[in-house]
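take this sequence and fold it.
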Amino acid sequence: MSNRVHVKAQEIARRFSMSVGSAYKLAKQGIIPSIRVGPKMTGIRFDPDAVEEALRSNTREADGTEK
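Have a look, this model is predicted:
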């Protein structure tokens, strides 16, 4: 099992200055990585380091500084 820390959308929203809804929307669109958890796989958790990298990568692509 991975020892990486996974947090709720509320923590991602706080860390990256976005709404909780935006965190869920970006995950649904595949812009930021997430995992499903729980017995019915209805919970969503995020690896903050992976989210930060995804947001940086997406920003560079949008700016045209990286392809």
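
going by C-alpha atoms from here, please, whenever you check contacts or count neighbours.
OK.

so which elements touch the helix or strand where A23 lies?
Per DSSP states H and E: A23 is located in helix 20-28. In terms of contacts (3 or more C-alpha pairs under 8 Å, 6 or more residues apart in numbering; DSSP states H and E), helix 20-28 is packed against helix 9-15.

show me what counts as buried in the helix it packs on.
Under the neighbour-count criterion of 16 or more other C-alpha atoms under 10 Å, helix 9-15 has 9, 11-13 buried.

now the helix holding A23: mean pLDDT?
Mean pLDDT, helix 20-28: 97.

who's in contact with it?
The contact list for helix 20-28, computed with C-alpha atoms under 8 Å, 6 or more residues apart in numbering, reads 9-10, 12-13, 32-34.

again with stretch 29-38
26-27, 42-47, 50-51, 54-55, 58.

filter the residues you listed down to the buried ones.
27, 44-47, 51, 54-55, 58.

show me those that map onto strands.
Among these, the members falling in strands (DSSP state E) are 44-45.

widest-spaced pair of the buried ones among the contacts of stretch 29-38?
I44 and N58 (20.9 Å; C-alpha to C-alpha).

still on that earlier bit, output the buried residues of helix 9-15 in JSON lines, with pLDDT and distance to A62 appended to each entry.
Formatted as JSON lines, those follow (pLDDT from 0 to 100; distance: C-alpha to C-alpha, whole Å):
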{"residue": "A9", "pLDDT": "98", "distance to A62": "23"}
{"residue": "E11", "pLDDT": "98", "distance to A62": "25"}
{"residue": "I12", "pLDDT": "98", "distance to A62": "21"}
{"residue": "A13", "pLDDT": "98", "distance to A62": "21"}
